[in-house]
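[1] This is a predicted model, with the sequence first.
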Amino acid sequence: MQRYFSELKKDNMLILSKDDLYHIKTVMRMKEDYIEVVYNNQLHICKLDKDYNAVIEKIVVAKKEKKYKYILCVPLLQEQKMSFVLQKATELGVDEIVPFLTTRSMVKIDGKENKKIERWNKICKEASEQSKRLDIPFITNVKKIEQLDYDGLKIVCSTREKDNTIKKVLKNNLKCDTIIMLIGPEGGLTELEEDKLVNMGFKLVTLGNNILRVETVPIYLLSVLNYELME
């Protein structure tokens, strides 16, 4: 069944957005079919009536929540790469995405932040539906490095670091419930930026001898975390 998200309930119906209704009518060409609708992080099995209202027929008990919260800090990237990172990070279970500015970022926000975040939210919503999630990752406003002051295990991928692997860090630092992963832009973070992050409590980690593309790194990190921490 196709999955959608709803933010509004009316009587025994869940209200779908105009975009979702267009997808149902025009793309999927559904008629009085069953669909899955997530409302308040809970899955509902609904049947479309003749007017395309999503009528609730069953509520499905949610699975156990995962133990750790994943926050991904990602630099501003070109749209195609940013879309890829948002999509794959969502599929792999990220909870929060924090776009941030770096010295070597090729992309500037230029007063279009709200429009970009709206587009990024749509990408994450569609990826959440495709991957059968019960929630959509939260995307923050664009931040500066100085604003990335989170509590939890904080790691930053570094090409300067040669010995401290992600495996070592996870082995010795899992007494928290939040893991913050920060990746640099193409060309990497500057030494000044890395030093600033270390002073903020981030741990420099190496992902091995090979230099990965910026859009590959979140897939690597989240796959490792899911393997190591999935119960």
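    That came through fine. Residues are numbered from 1 along each chain as shown.
[2] Just confirm residue 46 is within a helix.
    No: under DSSP: H, G, I helix; E, B strand; the rest coil, residue 46 falls outside any helix and is assigned strand.
[3] List the beta-bridge partners for it.
    Beta-bridge pairing for residue 46 (DSSP bridges): residue 35, residue 56.
[4] In this structure it contacts residue 32, no?
    No: if you go by C-beta atoms under 8 Å, residue 46 and residue 32 don't touch, sitting 11.2 Å apart. Backbone N, C-alpha and C define where each C-beta goes, glycine included.
[5] Any idea which helix or strand in this structure has the lowest mean pLDDT?
    Sorted by mean pLDDT, DSSP states H and E, the helices and strands of the chain end with helix 166-172, the least confident at a mean of 86.
[6] Return the alpha-carbon coordinates of that helix using CSV.
    Output in CSV follows, covering the C-alpha atoms of helix 166-172 (Å, rounded to 0.1, in the frame of the first residue of the first chain):
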residue,chain,number,x,y,z
ILE,A,166,34.5,5.4,13.8
LYS,A,167,34.7,1.8,15.3
LYS,A,168,36.9,3.0,18.1
VAL,A,169,34.8,6.0,18.8
LEU,A,170,31.6,4.0,19.0
LYS,A,171,33.2,1.4,21.2
ASN,A,172,34.2,3.9,23.9
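[7] so where is the protein shaky, pLDDT-wise?
    Applying pLDDT under 70 to the chain flags the ranges 64, 231.
[8] Quickly list the domain ranges of it.
    The chain breaks down by automatic domain parsing into domains covering 3-60, 69-229.
[9] Now do the same contact list for the residue lying farthest from the centre of the chain.
    Largest separation from the mean C-alpha position in the chain: residue 50, at 35.1 Å (C-alpha atoms, centre = their mean). Residues in contact with residue 50 (C-beta atoms under 8 Å, 6 or more residues apart in numbering) are residue 32.
[10] if we can go back for a sec, deepest in the core, which of the domains of the chain is it.
    domain 69-229 (a mean of 17; mean count of other C-beta atoms under 10 Å).
[11] mind checking how far that domain is from the chain centre?
    Centre-to-centre, domain 69-229 and its host chain are 9 Å apart (C-alpha atoms, centre = their mean, to the nearest Å).
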